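Engineer: Quick one, fold the following:
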Amino acid sequence: MTRVGVLGANGRMGRVLIDACYQHANLALGFASVRKGSSFIGMDAGEIAGINKQYVTLSEITPRLIDNADVLIDFTLAEALADNLNIAIKSAKPIVIGTTGLNQEQLALIDLAAKQVPIVFAANYSVGVNLMLNLVKQAAKVMGEQADIEILEAHHRFKKDAPSGTAMAIGTAIAQTLGRNLSTCAVYGREGTTSERNKDTIGFATVRAGDIVGEHTVLFATLGERLEITHKASSRLTFANGALAAAEWIKNKPPGLYSMQDVLALN
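Structural biologist: The predicted structure is shown next:
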């Protein structure tokens, strides 16, 4: 049995992770934490996750609380990453990170922390999306030099980063396959009168609306045909179940930085 500690338990993904833990036969919720001074402190995790069952009490993080978990899961905010990494290092606990919208400095912190504790870090924990990453690499090898490549993504109105971390991961996978630098070949949206499309660019288009969980489409378009690879998520449980699979997988791994490609043996 793997005990997981959910950081930021009152967030959208935190609540779904609690629900997913409850449904999982080989996992137990060791603790569910919220930020210091939160109005959620003292509430039951089952109540906020809509499980209708007493589970564990929401608490602020303490060393004693951390002892109740084998693996930490962090789907909080980018601003909390440094503190959460320090918690993992001080407690010598593996950590699964699903926070998106990280800058280069924060990504460097993950690399540094991975020298001391095992970390799974992924832009998306869906099995389907990680398979999609493999498929777009194959498509890029065959069509990438001839095709115009566009990445379209849609998420709910509350998402703060754009393009999504998943869209950026897809773009990075394609760019690396083609030997391009995404930071110089990416085009983020188009308006007004522009010059003819540069075939070596990778375009991104973003939609934020309603309660869309997550949709990603990659277009490989030539003058005679178009290949579309699409993934649509209909429930956040998809991501939560993937994160829990990562938590089980990393429990006894040595320090290092791992991805969902490693967890799913897709590398």
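
Engineer: just the helices in the stretch 101-250 of the chain please.
Structural biologist: 104-113, 127-143, 165-178, 182-185, 237-250 (DSSP state H, counting those that start in this stretch).

Engineer: Only the buried residues of the fourth one, if you could.
Structural biologist: With burial defined by 16 or more other Cβ atoms under 10 Å, the residues of helix 182-185 counted as buried are 182, 185. Yep, even glycine has a C-beta here, placed from its N, CA and C like the rest.

Engineer: could you redo the helices of the stretch 101-250 of the chain as a markdown table and give each row mean pLDDT and distance to I97?
Structural biologist: Shown next, in a markdown table, are the helices of the stretch 101-250 of the chain (pLDDT from 0 to 100; distance: least, Cβ to Cβ, whole Å):
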| stretch | mean pLDDT | distance to I97 |
| --- | --- | --- |
| helix 104-113 | 97 | 7 |
| helix 127-143 | 96 | 15 |
| helix 165-178 | 95 | 11 |
| helix 182-185 | 96 | 21 |
| helix 237-250 | 95 | 9 |
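
Engineer: possible to save the ones you listed as JSON lines with distance to A20?
Structural biologist: Shown next, in JSON lines, are the helices of the stretch 101-250 of the chain (distance: least, Cβ to Cβ, whole Å):
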{"stretch": "helix 104-113", "distance to A20": "23"}
{"stretch": "helix 127-143", "distance to A20": "14"}
{"stretch": "helix 165-178", "distance to A20": "19"}
{"stretch": "helix 182-185", "distance to A20": "32"}
{"stretch": "helix 237-250", "distance to A20": "4"}
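
Engineer: Specify the stretch among those helices that is closest to I18.
Structural biologist: helix 237-250 (8.7 Å; Cβ to Cβ).

Engineer: Just say which of the helices of the stretch 101-250 of the chain is most tucked in.
Structural biologist: Most buried of the helices of the stretch 101-250 of the chain, by mean neighbour count (mean count of other Cβ atoms under 10 Å): helix 237-250, with a mean of 23.

Engineer: on that earlier part again, out of the helices of the stretch 101-250 of the chain, flag the one nearest F75.
Structural biologist: Using Cβ to Cβ, the helices of the stretch 101-250 of the chain put helix 237-250 closest to F75, at 7.2 Å.

Engineer: Give the buried residues for the following helix or strand past that closest one.
Structural biologist: Moving toward the C-terminus from helix 237-250, the next helix or strand (DSSP states H and E) is strand 256-258. Buried residues in strand 256-258, defined by neighbour count with 16+ other Cβ under 10 Å: 257-258.

Engineer: quick one: strand 256-258 to chain centroid distance?
Structural biologist: 15 Å (Cα atoms, centre = their mean, to the nearest Å).

Engineer: Ok, stretch 102-113 next?
Structural biologist: For stretch 102-113, the distance to the chain centre is 15 Å (Cα atoms, centre = their mean).

Engineer: Would you state the strands of this protein in chain order?
Structural biologist: Remark: strands assigned in the chain by DSSP state E are 2-7, 27-32, 71-74, 95-97, 118-121, 148-155, 186-188, 202-208, 214-221, 226-233, 256-258.

Engineer: if we can go back for a sec, please name whichever of the helices of the stretch 101-250 of the chain is nearest to Q261.
Structural biologist: Nearest of these (Cβ to Cβ): helix 127-143, 6.0 Å.

Engineer: what's the closest one in contact with?
Structural biologist: For helix 127-143, the external contacting residues (Cβ atoms under 8 Å, 6 or more residues apart in numbering) are 122, 124, 149, 166, 169-170, 173-174, 177-178, 216, 218, 220, 222, 227, 229, 231, 233, 238, 242, 260-261, 264, 266.

Engineer: tally of neighbours for the residue lying closest to I202 once chain neighbours are set aside?
Structural biologist: Once flanking residues are discounted, I202 sits nearest to I149: 4.9 Å by Cβ to Cβ, 6 or more residues apart in numbering. By other Cβ atoms under 10 Å, the residues close to I149 number 25.
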